[in-house]
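Undergrad: Let me see the structure of the following:
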Amino acid sequence: MPSDAPTETLLTIIIVSWNVRELLKRALISIFASWGTAPGLEVIVVDNASTDGSAVMLDTGFPQVRVIANTENLGFTKGNNQGLAVAHGALLLLLNPDTEIQGAALFTLIDYAKRNPHAGMIGPQLLNPDKTIQPSRRRFPTLPVLFLESTWLQKFTPRSLLKHYYMEDRPDAEVQPVDWITGAAMLTRREVVSQVGGLDEGFFMYSEELDWCKRIKKAGWEIHYLPTARITHHEGKSSEQVVPARHIYFQSSKVRYTCKYHGRTAAEALRLWLLGQYIWQLCLETIKWLLGNQRPLRAQRIAAYRTVLQSKLRIR
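TA: Here you go, the predicted structure:
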């Protein structure tokens, strides 16, 4: 496999993958189909110790891809930083392995970046597999949003609060500046990474893109949403393999972000609030199990919630 890339590399695509061989294969096929025979593309796959044959698939099917093979799962942030450290591209696209490039999306992103030098990060429009739009643009979360969004109390949250957070007051089809974009596909520049650094490795996964966008904006760059570039995202196919860990990483990352930007007191209050919710949910699931309601499902949830509570959602 190639160990170097030409200095004129225009775009480096970095994919961190863990046990999603077939989705990764589809992602790579879509990348090379979209790019065609044009020069200037570098693709780096960071494999986080997959056990599903991903390494063999990459070696035999995609010899043009540079592979960084980790001996353990280092997480999304460390994996991407490994790729960023060796990337040659002037533009850098962090891409999930469960994505597929639609049409000329790569060139659309590149052209926009060239015409908008003040844009430090650009996010495409993400599509669900059924071609509906997957919300991927946000405003920075306020404390009420941090306490209520993505919890079982979200359904009781004032609609106006979430509408503002999810930017539902702006059209999906409109090119626009945003506060942050979700991490399935993020195009940035080499000079941005040189200025603000890579992803914060204190986030194993989740909230790392929120933190990155926050730092990029604080450094004076803009974050743009570009709906004319479209990428399909088969959401959460790696993390759904380990449900308890997904809960822990998601919530502890939220606590870490809160500590970083709202202070330790707010973060500790959020941590206790979230643990209280898991205690409540554990009690509810236990009662349903005792009543004989869908016992296999209840047992799975009870085990997941116990694991979360054992973690105590400590700030990493």
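
Undergrad: after the helix or strand containing residue 247, next one along is what?
TA: Element membership for residue 247, per DSSP states H and E: helix 243-262. Next along the chain after helix 243-262, taking DSSP H and E as the criterion, comes helix 264-290.

Undergrad: so how far is the helix holding residue 247 off the chain centroid?
TA: A distance of 13 Å separates the centroid of the chain from that of helix 243-262, by C-alpha atoms, centre = their mean, to the nearest Å.

Undergrad: Show the average pLDDT along that helix.
TA: Along helix 243-262, the predicted confidence averages to a pLDDT of 90.

Undergrad: Check which residues of that helix are buried.
TA: By neighbour count, with 16 or more other C-beta atoms under 10 Å as the criterion, the buried positions of helix 243-262 are 244-262. C-beta: built from backbone N, CA, C; applies to glycine.

Undergrad: what's the answer for stretch 298-314, then?
TA: 298, 301-302, 304-305, 307-308, 311, 313.

Undergrad: before we move on, what about stretch 178-198?
TA: Using 16+ other C-beta under 10 Å as the test for burial, stretch 178-198 gives 178-189, 192-193, 196, 198.

Undergrad: now, the most widely separated pair of the buried residues of stretch 298-314?
TA: Of all pairs drawn from the buried residues of stretch 298-314, the widest gap by C-beta to C-beta lies between 298 and 313 and measures 22.4 Å.

Undergrad: what's stretch 147-154 in contact with?
TA: Contact with stretch 147-154 is made by 141, 156-157, 161-162, 165, 250, 254, 270, 273-274, 277, 281, as judged by C-beta atoms under 8 Å, 6 or more residues apart in numbering.

Undergrad: Among the residues you listed, which one lies nearest to residue 227?
TA: Of all the contacts of stretch 147-154, the one sitting nearest residue 227 is residue 165; the distance, using C-beta to C-beta, is 18.9 Å.

Undergrad: now that closest one, nearest residue through space, not along the chain?
TA: Computed as C-beta to C-beta, 6 or more residues apart in numbering, the closest residue to residue 165 that is not its neighbour in sequence is residue 145, at 5.0 Å.

Undergrad: same thing with residue 178?
TA: Take residue 178 and drop its neighbours on the chain: the residue closest to it by C-beta to C-beta, 6+ apart is residue 137, 4.3 Å away.

Undergrad: Could you report the neighbour count for residue 35?
TA: 18 (other C-beta atoms under 10 Å).

Undergrad: Spit out the contact partners of it.
TA: Contacts were defined as C-beta under 8 Å, 6+ apart; by that measure residue 35 touches 41, 106.

Undergrad: Phi and psi next, for it.
TA: Comment: the main-chain dihedrals of residue 35 come out as phi -80, psi -40, following degrees, to the nearest 10.

Undergrad: Next SSE downstream of whichever strand or helix holds residue 147?
TA: If you go by DSSP H and E, residue 147 is part of helix 143-148. Sequence order places helix 159-165 as the next helix or strand after helix 143-148, per DSSP H and E.

Undergrad: mind listing what the following helix or strand past that following helix pairs with, with the direction of each?
TA: The element immediately downstream of helix 159-165 (helix or strand, assigned by DSSP H and E) is strand 176-178. Using DSSP bridges, the neighbouring strands of strand 176-178 in the sheet come out as strand 222-233 (antiparallel).

Undergrad: Report the buried residues of the strand it pairs with.
TA: Buried residues in strand 222-233, defined by neighbour count with 16+ other C-beta under 10 Å: 223-227, 229-233.
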